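1. No letters, just coordinates:
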Ligand SMILES: Nc1ncnc2c1ncn2[C@@H]1O[C@H](COP(=O)(O)OP(=O)(O)O)[C@@H](O)[C@H]1O
Ligand SMILES: O=C(O)C1=C[C@@H](OP(=O)(O)O)[C@@H](O)[C@H](O)C1
Ligand SMILES: [Mg+2]
């Protein structure tokens with residue numbers, strides 16, 4: 001299987017968790033855009049968001065995405081990467097397969113219950129969360145080469161499914 005994959009999907013879809021397991025199984029690197037951005041900033045995304053706002057974060061995210069697409073390994077993105085036209089273009093143009101980890105919003109809300117790291121989650125009520133999911137869903141679909149539904153699956157099952165779907169692709 002290819003040792004280059006990009007994972008996209010909504011907050012809580014498992015991009016970070018699945019990416020780490022997949023990289024371990026493929027004996028390759030995982031790059032997590034959020035972690036790279038936090039290392040670069042020397043502070044949490046949470047703090048940066050609060051001080052500089054979402055637009056500044058998106059600009060930075062697009063720059064780091066551009067650079068990381070050149071690296072081998074599994075690239076776990078942040079859920080909002082499809083919100084920026086530049087980032088969407090980068091995903092469209094890359095030769096690396098883009099995998100959409102698709103998870104129903106009710107399941108995401110269960111997974112993210114009690115989370116305090118995601119600034120957008122804090123700002124939203126249930127309706128806002130659902131609306132954002134519906135808004136982003138076609139953007140993920142359009143950016144993806146492969147769509148994997150994660151509801152009810154374990155991390156290992158998702159990794160196996162991704163490998164299978166990429167072979168078929
Ligand atoms: N398939 C899954 N089944 C159950 N819990 C999951 C699954 N995938 C991820 N999680 C949990 O959901 C939370 C968010 O996962 P994470 O990998 O950080 O998502 P993302 O990076 O897409 O926002 C974590 O607590 C993780 O353990
Ligand atoms: O959906 C979003 O807009 C965001 C998702 C987060 O990443 P995860 O998808 O890994 O939670 C992180 O990039 C930031 O909080 C914004
Ligand atoms: Mg993540």
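-> Now that the structure is in, tell me what you want to look at. Here the structure is a predicted model, which is why all the values come from computation and not from measurement. Ligands and ions are numbered 1, 2, ... in the order given.
2. Up against ligand 1, what does the chain have?
-> Residues of the chain lying close to ligand 1 (CB under 6 Å from any ligand atom) are 9, 11-17, 79, 111, 150, 153, 155, 158. Glycine gets a C-beta too; all of them are placed from N, C-alpha and C.
3. give me that answer again for 5 Å
-> For the chain, the residues in contact with ligand 1 (CB under 5 Å from any ligand atom) are 11, 12, 13, 14, 15, 16, 17, 111, 150.
4. So the residue in the chain sticking out farthest from the centre versus ligand 2, what's the distance?
-> Ranked by distance from the centre of the chain (CA atoms, centre = their mean), the top residue is residue 51, with 22.9 Å. Distance, residue 51 to ligand 2, using CB to the nearest ligand atom, to the nearest Å: 14 Å.
5. what's the burial count for residue 17?
-> Applying other CB atoms under 10 Å, we find 16 residues neighbouring residue 17.
6. Could you pull up the residues touching it?
-> Counting by CB atoms under 8 Å, 6 or more residues apart in numbering, residue 17 makes contact with residue 155.
7. ok, it to ligand 3 distance?
-> 8 Å (CB to the ion, to the nearest Å).
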